[in-house]
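J.: attaching a predicted model along with its sequence, questions to come.
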Amino acid sequence: MHTRPHGAPTLRKPTLVDITTSLHQGLRDFIATPFTAVFFASFYVFAGLAMGWITYATGQTFWLVLAVMGFPLVGALAAVGFYEISRRRQTNQSVSFASVVRTTWAFKNEQLPWLAAIIVVIFLFWFFLGHMIFALFLGLSPMTNISSSLDVFLTSQGLTMIAFGSAVGSVFAVLVFSLSVLGMPMLIDRDVDFMTAMLSSISAVAQAPVLYLAWGAFIGLITFASMLPSFLGLFISMPVLGHATWHLYKRVST
């Protein structure tokens with residue numbers, strides 16, 4: 001573990017230049033360390049492929065719809081390795097595969113798991129609420145296999161359910177994004193408890209909601225687009241966005 005300053009930093013409002021510069025820096029980090037970045041992204045990709053396989057095997061596309069809509073909620077968890085890579089590059093430390101994995105694993109004994117647990121609980125609650133929404137709109141519709149399930153989603157009731165579910169899901173997405181976009185990298189960078197990191201992140205987003213939510217929407221759109229080719233696009237988008245989020249956090253931290 002590296003020596004970290006104590007306490008939360010002061011977080012200024014971001015600018016559009018901060019966001020675009022962070023994206024460029026994130027792309028440079030990915031190009032500089034592709035193997036290590038792809039290693040961390042692979043957990044996210046394989047999780048998506050596993051969900052797709054389970055859906056195909058059971059014929060229950062409903063669960064895949066919920067998982068895909070909730071997938072970005074847990075993206076911050078997969079980004080921890082990317083934050084550590086970018087931190088090491090910024091401080092001119094070794095970015096070897098072994099050193100990054102070892103340091104990332106060491107965070108299991110810190111405050112990071114507590115924030116991760118909150119994100120997972122929110123994700124599971126989204127599954128529960130999503131099931132309730134499905135029951136409300138399509139509870140009496142047959143869903144026996146993938147083909148018939150897709151047909152159900154294209155009915156008026158199915159489209160209404162998707163619209164309503166998306167609206168509810170966006171609330172969950174905004175909540176998780178707000179507490180993690182700066183809170184998660186802060187736990188890597190600073191000696192701070194998870195509640196302070198989480199509340200600092202939420203406060204920062206509340207002070208500049210337009211730019212932060214635009215950044216969150218951009219992350220969501222890129223993530224969804226990356227899922228289309230069998231989740232394989234996540235091998236590139238996850239590292240770049242993860243690195244960029246770290247750089248955005250560092251740029252607004254004082």
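T.: Here it is on my side, so go on. Residues are numbered from 1 along each chain as shown.

J.: the helices in the stretch 1-150 of the chain, which residues?
T.: Using DSSP state H, counting those that start in this stretch, the helices of the stretch 1-150 of the chain run over 16-32, 34-58, 61-70, 75-78, 80-90, 97-106, 112-138, 146-153.

J.: just put these in a markdown table and tack on distance to Phe194 and mean pLDDT.
T.: (Each C-beta comes from the backbone N, C-alpha and C, glycine too.) Listed next are the helices of the stretch 1-150 of the chain as a markdown table, based on distance: least, Cβ to Cβ, whole Å; pLDDT from 0 to 100:
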| stretch | distance to Phe194 | mean pLDDT |
| --- | --- | --- |
| helix 16-32 | 23 | 95 |
| helix 34-58 | 21 | 76 |
| helix 61-70 | 21 | 57 |
| helix 75-78 | 13 | 62 |
| helix 80-90 | 13 | 91 |
| helix 97-106 | 16 | 85 |
| helix 112-138 | 4 | 80 |
| helix 146-153 | 38 | 56 |
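
J.: dump those to JSON lines, plus mean neighbour count.
T.: Listed next are the helices of the stretch 1-150 of the chain as JSON lines, based on neighbours: other Cβ atoms under 10 Å:
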{"stretch": "helix 16-32", "mean neighbour count": "17"}
{"stretch": "helix 34-58", "mean neighbour count": "16"}
{"stretch": "helix 61-70", "mean neighbour count": "20"}
{"stretch": "helix 75-78", "mean neighbour count": "21"}
{"stretch": "helix 80-90", "mean neighbour count": "24"}
{"stretch": "helix 97-106", "mean neighbour count": "15"}
{"stretch": "helix 112-138", "mean neighbour count": "16"}
{"stretch": "helix 146-153", "mean neighbour count": "15"}
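
J.: could you export the ones you listed as TSV, including distance to Pro239?
T.: As requested, the helices of the stretch 1-150 of the chain are exported to TSV (distance: least, Cβ to Cβ, whole Å):
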stretch	distance to Pro239
helix 16-32	4
helix 34-58	4
helix 61-70	20
helix 75-78	10
helix 80-90	6
helix 97-106	12
helix 112-138	19
helix 146-153	31
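
J.: His243 is nearest to which of the ones you listed?
T.: Taking Cβ to Cβ, helix 16-32 is the member of the helices of the stretch 1-150 of the chain nearest to His243, at 3.5 Å.

J.: returning to what we had before: can you say which of the helices of the stretch 1-150 of the chain is nearest to Gly183?
T.: Of all the helices of the stretch 1-150 of the chain, helix 112-138 sits nearest to Gly183, with 6.1 Å by Cβ to Cβ.

J.: quick one: closest of the helices of the stretch 1-150 of the chain to Ser237.
T.: Each of those has some distance to Ser237 by Cβ to Cβ; the shortest is helix 34-58, at 8.4 Å.

J.: the closest one to helix 80-90, inter-axis angle?
T.: Per axes from the mean of the first three to the mean of the last three Cα atoms, to 10 degrees, the angle that helix 34-58 makes with helix 80-90 is 170 degrees.

J.: chain center to helix 34-58: distance?
T.: Its chain's C-alpha centre and that of helix 34-58 lie 14 Å apart, by Cα atoms, centre = their mean, to the nearest Å.
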